[in-house]
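In: whatever this is, show me its structure:
(one chain, ligands or ions: 2)
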Amino acid sequence: RRLALAEERHLPAETLDHRPVVLRANVATPADARATLTAGADGVGLLRTELPFLNHRAWPTRDQHAAALVPVLRALTGQVVTVRTLDFADDKLPPFLSTGREDGRIGRGLPLMLAQPDAFAEQFRSLLTAGAETDLRIMIPMVASVDELHACRELLQSAAAELAVPAPPLGIMVELPEAVAVADDLAREASFLSIGSNDLTCQILGLDRRDPAATPAMAAHPAVLDAISQVVTAAHRHHRQVSVCGDAAAHPLVTPLLIGLGCDSLSVAPAALDEVRARVRRLRHDTCASTAAAALALQTPEDVWQLVRQHCQPSL
Ligand code: PEP
Ligand code: MG
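Out: Ligands and ions are numbered 1, 2, ... in the order given. Down below sits the predicted model:
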């Protein structure tokens, strides 16, 4: 079956009624980057950058960022690469951030980055140089307010001015309820939006990221779908593209809902690319849209899953 799906790699990711879905990959390593191209993705929708530094004793320097980034970016020359800035959080915590804290917790990472503008600027400098041969986009995780986005933009613009290069598009991840609440303002100011359904689902449903109940399928909860719908509406009002880069993007019971809500792009693990493309090609956008609209009026994720099984489950 895997082989048969791989045969569709050169075919467009579009629904039966010709709605294109930009299909990108989530990567962290050079091997991921190569797998992305082999599977025919339209570049990278999420490059996670914090993973090489989870055992570090200090904030990474420009050179340390470059050492981690260059091997991945070299494999992606000429491609869209959406690089996410460092996203340290309680579930991804390096020793230099956890030691000395009584509870060993830092909460969310962006305020911490903004409190260390020099460390943040080092990553921007490194990215601007290392990403020069790619179609680089920079994405900020855990944004809660327009002020935070402005602060990030200032740091990026000064790094670009210093290096005498143009600043790349700057987008945001929507993964906090605070961001959903000000989605319209964020959409006006950001170049693009990407929904982090892993965190957003947990945040809305009050689940811990490490809770086994926090599965990708839970993004089908009507409360989460309602938030996603608000974000898509705000993004499109300001002519911004909106993607989903959490694991729900590749879940068979959620992909149709995301397409139905109007998400322009899905970013999934390289190993999921063939299956997601094949699924998109067997769905009708109009059916996904009516199913998503009906799902918004339901009460539980189980009810939504059942509806999707009835109307949007093509056999692969
Ligand atoms: C997310 O929260 O959905 C996401 C893509 O980011 P991470 O899983 O790295 O927190
Ligand atoms: Mg996240």
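
In: for the stretch 201-316 of the chain, which residue gets nearest to ligand 1?
Out: Gly246 (2.9 Å; CB to the nearest ligand atom). (Each C-beta comes from the backbone N, C-alpha and C, glycine too.)

In: which residues in the stretch 101-250 of the chain form strands?
Out: 135-140, 170-174, 193-195, 242-244 (DSSP state E, counting those that start in this stretch).

In: return the most buried member of those.
Out: Highest mean neighbour count of those: strand 193-195, a mean of 30 (counted as mean count of other CB atoms under 10 Å).

In: quick check: mean pLDDT of that strand?
Out: The average pLDDT within strand 193-195 is 98.

In: show me what it is packed against.
Out: Counting contacts by 3 or more CB pairs under 8 Å, 6 or more residues apart in numbering; DSSP states H and E, strand 193-195 packs against strand 170-174, helix 183-189, helix 222-237, strand 242-244.

In: just checking: what are the partner strands of it?
Out: Paired strands of strand 193-195, with direction, are strand 170-174 (parallel), strand 242-244 (parallel) (DSSP bridges).

In: redo those strands as TSV? Include distance to ligand 2 and mean pLDDT.
Out: Below are the strands paired with strand 193-195 laid out as TSV (distance: least, CB to the ion, whole Å; pLDDT from 0 to 100):
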stretch	distance to ligand 2	mean pLDDT
strand 170-174	6	98
strand 242-244	12	98
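
In: which residues does His165 contact?
Out: To be clear, residue 165 is Val; His isn't right here. Taking CB atoms under 8 Å, 6 or more residues apart in numbering, we find Val165 in contact with 128, 132.

In: could you check the pLDDT of it?
Out: Note on Val165: pLDDT of 97.

In: cool, and Arg1?
Out: With respect to pLDDT, Arg1 scores 67.

In: can you check Thr99 too?
Out: Here the pLDDT value assigned to Thr99 is 70.

In: so how many other residues sit close to it?
Out: When counting by other CB atoms under 10 Å, one arrives at 10 neighbours for Thr99.

In: where does the prediction get shaky in the stretch 101-250 of the chain?
Out: Within the stretch 101-250 of the chain, the ranges that satisfy pLDDT under 70 run 101-102, 104, 106.

In: again, only using 90
Out: For the stretch 101-250 of the chain, the stretches with pLDDT under 90 are 101-109, 112.

In: point out the residues in it that sit beside ligand 2.
Out: Counting by CB under 5 Å from the ion, the residues of the stretch 101-250 of the chain close to ligand 2 are 175, 196, 199.

In: next, give phi and psi for the second one.
Out: In this entry, Gly196 is assigned phi and psi values of phi -90, psi 90 (degrees, to the nearest 10).

In: now do the contacts for it.
Out: 141, 173-175, 245-246.

In: what's the answer for the first one, then?
Out: Under the criterion of CB under 8 Å, 6+ apart, the contact list for Glu175 reads 141-142, 195-200, 203, 246.

In: of all those, which comes closest to Arg19?
Out: Set against Arg19, the nearest of those by CB to CB is Ile195 (18.1 Å).

In: can I get the contacts of Gly196 in a markdown table including distance to Arg309?
Out: Below are these laid out as a markdown table (distance: CB to CB, whole Å):
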| residue | distance to Arg309 |
| --- | --- |
| Pro141 | 33 |
| Met173 | 30 |
| Val174 | 27 |
| Glu175 | 27 |
| Cys245 | 25 |
| Gly246 | 21 |
